[in-house]
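Asker: Dropping the sequence and predicted coords here.
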Amino acid sequence: DDNFVNADRQYYVFEAFANVEGYEAGVNDGIVTLDRNYVIGNPIYVRSGINAVLNLNGFTIENTAKNGKTDVIIVEEGASLTINGDGLIEAVSGNDGYTVIAEGTVTINGGTFKAGKDEDNEPNAVIYARGNGQVYVNGGYFPNEAKSNFVLNKRDADRATTVIEVRGGKFEYFDPMNNAAEGANTDFMADGFASYLEGEHTYVVRESQDYTYDEATNTYYVYNANGLATWAYVAANTTTSPNLEVMNNIKLPKKTIEPDDANKRYTFTGEDITVTD
């Protein structure tokens, strides 16, 4: 409402909610806590200059419009949105509808996120970064019933200016450590985190570990390149002949290695591998 102005504190509502009959969700200093399920027909815009926190509070926001406005939430450049709590945000099938579009900064700490298929029956992106958008995924569940490669996606023209970093979450049929839609071996993981396959098609993101060792079976369970280097050192420099089980996709750095006898492992150096005759 243009007449509602307070110079000291910034109040706002998500404008799509204002058109929903019976809208009563609490608004307090940039925090919106859902009080019930919401069905909307236009995207929710978080306008530039707003720093918003959305607590799903166990409820659902669903955009059911099968037209050109099927996105659920659009965060404009200069705005930020943090999503907390259990609940569901869903864009239905029918057009190019995304669950969340980040032109500003989006932080996802919880919730379930679903996007449908477009009019050609092709899966839509779920979280989409464009312009100067930044997306930080610390949690949340991405069911990905369409088995899409576009769960987390950057607009192709904006890959150099957008950011997607993953520190948590559970993803079905989508590995944020190897996102084919962005190019083979594209890695959205933040430093110190990795995705681990649990079951047939579920990737869970958590803090990385180099390896674990089972003394009873003399087996190294290796999670990353450093763990592989540790196993390799033991295999090459002792007579114990340790077994190896690889627990995750491993990306080897293009670096030389040298023995670290004090820690009984190989260490990757800062020097790129050079090949001579």
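Answerer: That came in fine, so what should we check first?
Asker: Now for residue 55: which residues touch it?
Answerer: 31, 32, 33, 34, 84, 85 (Cβ atoms under 8 Å, 6 or more residues apart in numbering). All C-beta atoms are positioned from the backbone trio N, CA, C, and that covers glycine.
Asker: Could you do residue 129 as well?
Answerer: Counting by Cβ under 8 Å, 6+ apart, residue 129 has contacts 101, 102, 135, 153, 154, 155, 158, 162, 163, 164.
Asker: Check the burial of the residue nearest to the fourth one when sequence neighbours are not counted by counting its neighbours.
Answerer: If the residues on either side of it in the chain are set aside, residue 153 comes closest to residue 125, at 3.9 Å by Cβ to Cβ, 6 or more residues apart in numbering. By the measure other Cβ atoms under 10 Å, the count of residues near residue 125 is 24.
Asker: again with the one 10 residues further on
Answerer: Other residues lying near residue 135 total 25 when counted by other Cβ under 10 Å.
Asker: To which secondary structure element type does it belong?
Answerer: strand (DSSP: H, G, I helix; E, B strand; the rest coil).
Asker: Bridge partners for it, pull those for me.
Answerer: In this entry, residue 135 is beta-bridged to residue 106, residue 164, by DSSP bridges.
Asker: How about residue 197?
Answerer: Here residue 197, judged by DSSP bridges, has bridge partners residue 203.
Asker: Let me see the contact set for it.
Answerer: Applying Cβ under 8 Å, 6+ apart, the residues near residue 197 are 175, 203, 248.
Asker: Which of those residues scores worst on pLDDT?
Answerer: pLDDT across the contacts of residue 197 is at its lowest for residue 248, which sits at 73.
Asker: Average pLDDT for stretch 254-274, rounded please.
Answerer: Per-residue scores along stretch 254-274 average to 86.
Asker: gap between it and the chain center?
Answerer: 31 Å (Cα atoms, centre = their mean, to the nearest Å).
Asker: Dump the C-alpha coordinates for that stretch into CSV.
Answerer: Extracted in CSV, the C-alpha atoms of stretch 254-274 (Å, rounded to 0.1, in the frame of the first residue of the first chain):
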residue,chain,number,x,y,z
LYS,A,254,46.6,-31.6,-12.3
LYS,A,255,49.5,-31.3,-9.8
THR,A,256,52.6,-33.3,-9.1
ILE,A,257,52.9,-35.2,-5.9
GLU,A,258,55.8,-35.7,-3.4
PRO,A,259,56.2,-38.1,-0.5
ASP,A,260,55.2,-36.7,2.9
ASP,A,261,57.0,-39.3,5.0
ALA,A,262,56.2,-37.7,8.3
ASN,A,263,52.4,-38.1,7.7
LYS,A,264,52.8,-41.3,5.6
ARG,A,265,51.1,-40.0,2.5
TYR,A,266,51.7,-38.2,-0.7
THR,A,267,51.1,-34.5,-1.0
PHE,A,268,49.9,-32.6,-4.0
THR,A,269,52.3,-29.7,-4.7
GLY,A,270,51.5,-26.3,-6.2
GLU,A,271,53.2,-27.3,-9.4
ASP,A,272,51.2,-28.3,-12.5
ILE,A,273,52.1,-31.6,-14.0
THR,A,274,54.6,-31.3,-16.9
